[in-house]
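Engineer: Compute the structure for the input listed below.
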Amino acid sequence: MSGKMPGVLRVTWHPLQTILRGLNCRIASVTKMHRKTYERMYPTIVVLPDGSSINIKYHEPRHIIKLPLNLATLTEAERKLRLLARKPKTVIKMEEDIDDDGFDAKRYLKFVKK
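Structural biologist: Model prediction:
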């Protein structure tokens, strides 16, 4: 076929290597669209460091953008709380000695059917 096929991209790296990639509406529904720039602006929520949020139009399809908090502007107590919240929590395992808990199985023998 010497004519061009509509909706097909021909990529050639070497004369012996040719890849045909079908560009149609089904490709975008299976994976994300591989574009460096998007044609339209998308509504996005920006969450500011103080917790307030604003609605903007962003060039990539994102739902929420959270801006980072500047730790230099916080007080020393707030900075320590933030840094402690980032550290992984230690799990405390409590083992109880249940050898002598006062349970007497003989008291319940009257409920057992023979």
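
Engineer: show me where the chain has helices.
Structural biologist: Remark: helices assigned in the chain by DSSP state H are 25-30, 76-86.

Engineer: any idea which of the ones you listed scores lowest on pLDDT?
Structural biologist: Lowest mean pLDDT within the helices of the chain: helix 25-30, a mean of 60.

Engineer: do you know how far G102 is from T44?
Structural biologist: Distance, G102 to T44, using C-beta to C-beta, to the nearest Å: 62 Å. (C-beta placed from N, C-alpha, C; glycine too.)

Engineer: scratch that, Y108 is what I was asking about
Structural biologist: Y108 is 64 Å from T44, by C-beta to C-beta.

Engineer: neighbour-wise, which of the two wins?
Structural biologist: Comparing Y108 with T44 by neighbour count (other C-beta atoms under 10 Å), the higher total belongs to T44, at 17 against 9.

Engineer: Let me know the pLDDT of that one.
Structural biologist: 94.

Engineer: Just give the nearest non-adjacent residue to it, would you?
Structural biologist: In this structure, T44 finds its nearest non-sequential neighbour in Y58, 4.0 Å apart by C-beta to C-beta, 6 or more residues apart in numbering.

Engineer: Much appreciated, bye for now.
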